[in-house]
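Q: Could you work out the structure for the sequence below:
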Amino acid sequence: MSILAGKFREAWRRISRIDVTAVVLMFVGAVFYWMDRFAPLGALAGFLKFLGVLAAVYLFFRFIGWSKSRLLWSLRNRLIVAYVFIAVVPVLLLATLAGLGARILYSQLGGYLLYDDLQHRVQMLANGSEHVAAAISAMTAGSSEEAAERVISAQEHAVYDTDLPGVTIEFSADGSLLAKVAPGVNRFAGLLQQNEKLLLVALRSVKTPNGLRVVFFRMPVTPEFLATLAPDLGPVQLDLLEPFTGGTRTGVKYSFGDIEYQPSTIISARSRTLQPAERWLDPVVLGVSRFEAVSLRSDGSVERKRPVVALFSARPSRLNARIFTSLGEFGGVYVVLFGAAAFVFLLIELAALVTGVVLTRRITRAIADLYQATMYVQAGDLTHRVRIERRDQLGVLGESFNLMTSSIGSLIQEQKQRQRLENELTIAREVQTQLFPQTFPCVPGVNIEAVCRAARVVSGDYYDFFELTPTQVVLAIADISGKGISAALLMASLQAALRSQMFTPGSENLSTAELVWRLNNHLVRNTGDDRFATFFLAVYDSSRRLLRYTNAGHLPALCVCHGETHRLEAGGMVLGVVENYQYEEGSHVVAPGTLLIGYSDGLIEPENVYGEQFGIHRLEQAAIRVQGAALRAVVDSLMSAAEEWAGTPEQADDMTVIVARLG
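A: Residues are numbered from 1 along each chain as shown. Just a heads-up that it's a prediction; the model follows:
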């Protein structure tokens, strides 16, 4: 029930307001149509019925579009429809065309047989009239015409009564009839329609010693006579026509040229029935043929081409027998060969149909398996695999899909691991951010600003500053070898060691060289041989305006004052390499307003498009230009100068700057 309800809701969502309106209009139109059958409702009902018809047409095409989208959604249905249009429809059209062609052929053959037999009887009458005319013309003058004509008539009846039962032979000296039906000639043979009768006639005028004589052979077309025509046909019917002059039409209307006719007399063959079918495929063939007769109207006028319509039915088997009669005993062989060829073609068509269905099922089964597999993937199940039955292109496609889902599963696992690592790096960055100083020391005459931009998530650079005594402040900057997590961990270790040493009682009396010596031994003992750090440590005493420092392999800090710079280079080698290494302490008396700038190599190593580094000299010039600005502006200016030199904001290394204005 839930599935049906879901499908109903989905179908309802697809119905628009126009569809609902069309359904209502169609229903209203049907109701008014039903009511109007019992009692006329006027123009309004007609208008509503018209709207109902329009709504029905709209819904019909709407249904076709919907059913087509539903039917052709499946690949199997698409292939079946394509196969039907490519293979089945052409075969059906060819079969239909062959059937129509056969019906036309058989109809024409039946009409020809009927026409040929009728013309044969007319020719017999014409031959008889010629014989009689020849006999009469040979009479000598003075002989009795009546006696001779009786003798000749008796002889002709003996010859023609078998094939032309009911034929009459008349002699007349009046040639008006021949002059009407065939003016200007002395003979006529054909159909003659007199009022409601149809005759086969042959007229021949001949000059005798006793004057002009006209021989008149007349054969009425009766149901009995029609029964003798074309025995291979079934029932035969002749429709005698008369022009349609208006009024009530009776029967079928025939149009020949610009004239319309209607049947006046129907002559049907007596006791003529359709032959029984010889096989299951022996349908009835209906035929229509047209003859022309000379019509003598009651007013004495003549119409020389009055149409006479012949209707007949036949069996193809009887007509085939008539067609193959000339082949004799070989006729049956040709028929058998034709039937065998048709049977073979039918088998080939069935084999093609079965092959198409089998191939379609294989293709659609593979596509259905792929579609089902995509549903599993969409649901999050990447363990499902497509069944591979054959090593064809579809099988390779299924194998590729299996490899793809397997790769996706691996990528998802890697993504999860990467996500966990990124989360851990984010946490590490937050932790590292907390390691940097969060407050500024309150030492008279000292202002400090610093920034560290990591090339990766976490930085290997380190800076620190804190108050040692009310008049002393400690500043430190370091660059740990490497990048990433390992450098960040070593930076945290260095920061912890520095703070533990500086906050030990009596550390304010120690030299910077002693403090750096202790840090060096700490790193040597607690890190590997390949790990080291450059380090710069400075202690500034504002009461004496004295700056004491030690530089352990770090880039020299700069003291900028009155447009000049002084590099602080005294110290020794990097930390973490040689244990118990003795460092030197340097000192510098600071003038009021001096800028102390410490930095990492990421600030001076950016290269321009020519491969030239920014360098310490350009850093000094940039510092001199902004020495009187606010500390934050100084920091931003130094960073911007390095980035502009490189031409890109992308960093290759961590960039750290610490600036202190010493009063």
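Q: Mind jotting down where the strands sit in the stretch 101-250 of the chain?
A: 168-172, 187-194, 197-208, 211-220, 236-243 (DSSP state E, counting those that start in this stretch).
Q: how about the first one: buried residues?
A: Residues of strand 168-172 classed as buried under the neighbour-count rule (16 or more other C-beta atoms under 10 Å) are 169, 171. All C-beta spots, glycine's among them, are computed from the backbone N, C-alpha and C.
Q: for the last one, same thing?
A: Along strand 236-243, the positions that meet the burial threshold by neighbour count (16+ other C-beta under 10 Å) are 236-242.
Q: what does the second one give?
A: Residues of strand 187-194 classed as buried by neighbour count (16+ other C-beta under 10 Å): 187-193.
Q: quick revisit: okay if I get the buried residues of strand 236-243 as CSV plus distance to Arg545 and pLDDT?
A: Formatted as CSV, the buried residues of strand 236-243 follow (distance: C-beta to C-beta, whole Å; pLDDT from 0 to 100):
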residue, distance to Arg545, pLDDT
Val236, 142, 93
Gln237, 141, 93
Leu238, 144, 92
Asp239, 140, 91
Leu240, 145, 90
Leu241, 141, 87
Glu242, 144, 86
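Q: Out of the buried residues of strand 187-194, which is nearest to Gln495?
A: Nearest to Gln495 out of the buried residues of strand 187-194 is Leu191 (C-beta to C-beta; 130.2 Å).
Q: just the buried residues of strand 187-194 now: which is nearest Thr383?
A: Nearest to Thr383 among the buried residues of strand 187-194, with distances taken as C-beta to C-beta, is Leu191, at 91.3 Å.
Q: Now for the buried residues of strand 236-243: which two are most distant?
A: Taking C-beta to C-beta as the measure, the buried residues of strand 236-243 span a maximum distance of 20.8 Å, between Val236 and Glu242.
Q: rewinding a little: put together CSV for the strands of the stretch 101-250 of the chain, with distance to Ala227 on each row.
A: Below are the strands of the stretch 101-250 of the chain laid out as CSV (distance: least, C-beta to C-beta, whole Å):
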stretch, distance to Ala227
strand 168-172, 20
strand 187-194, 18
strand 197-208, 15
strand 211-220, 14
strand 236-243, 8
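Q: For Arg78, find the nearest of those strands.
A: Judged by C-beta to C-beta, the one of these that comes nearest to Arg78 is strand 236-243, at 52.7 Å.
Q: Direction included, what does that closest one pair up with?
A: strand 259-268 (antiparallel), strand 302-314 (antiparallel) (DSSP bridges).
Q: Would you mind finding the most buried of the ones you listed?
A: Among the strands paired with strand 236-243, the stretch with the highest mean neighbour count (mean count of other C-beta atoms under 10 Å) is strand 302-314, at a mean of 19.
Q: export that one as CSV, just CAs?
A: The C-alpha trace of strand 302-314 is given here as CSV (Å, rounded to 0.1, in the frame of the first residue of the first chain):
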residue,chain,number,x,y,z
VAL,A,302,-28.1,7.8,-78.5
GLU,A,303,-25.2,7.8,-75.9
ARG,A,304,-22.4,5.8,-77.4
LYS,A,305,-20.3,5.4,-74.2
ARG,A,306,-22.7,4.5,-71.4
PRO,A,307,-20.7,2.9,-68.6
VAL,A,308,-21.7,-0.6,-67.3
VAL,A,309,-20.2,-1.7,-64.0
ALA,A,310,-19.3,-5.3,-63.4
LEU,A,311,-18.9,-6.5,-59.8
PHE,A,312,-17.4,-10.0,-59.0
SER,A,313,-15.7,-12.0,-56.4
ALA,A,314,-13.1,-14.8,-56.7
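Q: Number the chain from 18, please
A: With the count now opening at 18, the last piece we talked about shows up as strand 319-331.
Q: my guess is Ala669 meets Pro623, correct?
A: Yes. The pair Ala669 / Pro623 is scored as a contact, 7.1 Å apart, by C-beta atoms under 8 Å.
Q: ok, these two, which is more surrounded?
A: Legend: neighbour count by other C-beta atoms under 10 Å for Ala669 and Pro623, higher for Pro623 (23 against 12).
Q: How about the contacts made by the more buried one?
A: Taking C-beta atoms under 8 Å, 6 or more residues apart in numbering, we find Pro623 in contact with 630-631, 659-660, 662-663, 669.
Q: how far away is Met421 from Arg296?
A: Distance from Met421 to Arg296, counting by C-beta to C-beta, to the nearest Å: 61 Å.
Q: More neighbours: those two, which one.
A: With neighbours defined as other C-beta under 10 Å, Met421 and Arg296 compare such that Met421 has more, 13 against 8.
Q: Can you give me the domain boundaries for the chain?
A: Domain segmentation of the chain under automatic domain parsing yields 33-87, 113-331, 338-448, 453-679.
Q: With distance to Pro107 added, can I get the ones you listed in a markdown table?
A: Output for the domains of the chain, formatted as a markdown table (distance: least, C-beta to C-beta, whole Å):
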| stretch | distance to Pro107 |
| --- | --- |
| domain 33-87 | 21 |
| domain 113-331 | 10 |
| domain 338-448 | 11 |
| domain 453-679 | 66 |
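Q: Leu536 against Ser517, yeah?
A: No. Using C-beta under 8 Å, Leu536 is not in contact with Ser517, being 10.0 Å away.
Q: Which of the two has more residues huddled nearby?
A: The neighbour comparison of Leu536 against Ser517 (other C-beta under 10 Å) goes to Leu536, with 25 against 13.
Q: What residues does that one make contact with?
A: Neighbours of Leu536 in contact, by C-beta under 8 Å, 6+ apart: 511, 514-515, 518, 552, 569, 592.
Q: did I read that right, it in a strand?
A: No. Counting by DSSP: H, G, I helix; E, B strand; the rest coil, one finds Leu536 to be helix, located in no strand.
Q: Could I get the pLDDT score of it?
A: With respect to pLDDT, Leu536 has a value of 90.
Q: residues contacting the nearest residue to Glu259 once chain neighbours are set aside?
A: With C-beta to C-beta, 6 or more residues apart in numbering as the criterion, Glu259 has its nearest non-adjacent residue at 4.2 Å, and that residue is Ser281. Applying C-beta under 8 Å, 6+ apart, we find Ser281 in contact with 213, 257-259.
Q: Look up which residues are beta-bridged to Ala495.
A: Tyr479, Phe552.
Q: correction: Leu255
A: Bridge pairing for Leu255 (DSSP bridges) gives the partners Ile284, Ala327.
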